[in-house]
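Enquirer: model this:
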Amino acid sequence: MKKTLIILGFILLGINAQSTAKERVFITGFMGYTFADNFNMGSYSGNVNDGMHFGGSIEFLIKNLYGVELLYQYQKTDAEIYDLYNRYKTDLGISYIMAGGMRYQSLLNGMLLPYFGVNLGVGIIAPDITSSQTRFAWGAKLGMKIRATNFLAFRVQAQINSIVNGIDGSTMWIGPGGVSLGLDSYSSIYQVGFTVGASIAF
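Expert: Predicted structure coming up:
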């Protein structure tokens, strides 16, 4: 994970060094809601439940309508698996650390800025009862930035984030007597949600 963060940091530093004097930096704080996702794991079905998420990002506007963003998002929720006879549940912390590109379209002389973007990075699944798992993650987003002043804007966004093989059947689920269920399988999760936030420009 440390290597991944170092690589993401160098990518942003490299882009920053190549940008022009017109570059602006945006710091954004956000919160939102993530919907539940269902998955299958061997003979079991399961779901990662819905809940609120929050986070922050730093964005470098490298050209007039192009940006690069580094973001962190966290959600506290729970997940469960079940078959016809049993049901097992665990609390989860889900974190995303990703970097990606943003493409804007200017409307009303720049007061409205619809955008889309794609992110790549890592997702961290942290069950309360076992050790955390770090996996490759990707995301996509579609939203609108609304400029209130030259230095303040508000953001509304729909998004999907996915952790590839994020649900580990061999370690996450504890059965009766504190013994792992030992399911020899993985499942990716796909988290759809929406976000609102505020951005300050520097």
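
Enquirer: run through the bridge partners of the residue nearest to residue 57 when sequence neighbours are not counted.
Expert: In space, and not counting its chain neighbours, residue 57 is closest to residue 71: 3.7 Å by Cβ to Cβ, 6 or more residues apart in numbering. (C-beta placed from N, C-alpha, C; glycine too.) Legend: beta-bridge partners of residue 71 under DSSP bridges are residue 57, residue 98.

Enquirer: excluding its backbone neighbours, what's nearest residue 113?
Expert: Counting by Cβ to Cβ, 6+ apart, the residue nearest residue 113 is residue 145, at 4.1 Å.

Enquirer: what's the distance between the residue positioned nearest the centre of the chain and residue 161?
Expert: The chain has residue 96 as the residue nearest its centroid, 4.1 Å off, counting by Cα atoms, centre = their mean. Separation of residue 96 from residue 161 (Cβ to Cβ, to the nearest Å): 6 Å.

Enquirer: quick one: the strands in this structure?
Expert: Assigned by DSSP state E, the strands in the chain fall at 24-34, 37-41, 44-48, 51-63, 66-82, 87-104, 112-127, 133-147, 152-168, 186-201.

Enquirer: who does the fourth one touch, helix- and strand-wise?
Expert: On a contact count with 3 or more Cβ pairs under 8 Å, 6 or more residues apart in numbering; DSSP states H and E, strand 51-63 meets helix 2-18, strand 24-34, strand 66-82, strand 186-201.

Enquirer: got it, and the first one?
Expert: Using 3+ Cβ pairs under 8 Å, 6+ apart as the contact criterion, the secondary-structure elements in contact with strand 24-34 are strand 51-63, strand 66-82, strand 152-168, strand 186-201.

Enquirer: just the buried residues of it, please?
Expert: Residues of strand 24-34 classed as buried: 26, 28, 30, 32, 34 (neighbour count, 16 or more other Cβ atoms under 10 Å).

Enquirer: show me what contacts the last one?
Expert: It refers to residue 34. Going by Cβ atoms under 8 Å, 6 or more residues apart in numbering, residue 34 touches 50-53, 75, 77, 191-193.

Enquirer: where does pLDDT dip in this protein?
Expert: Low-confidence segments of the chain (pLDDT under 70): 1-23, 169-185.
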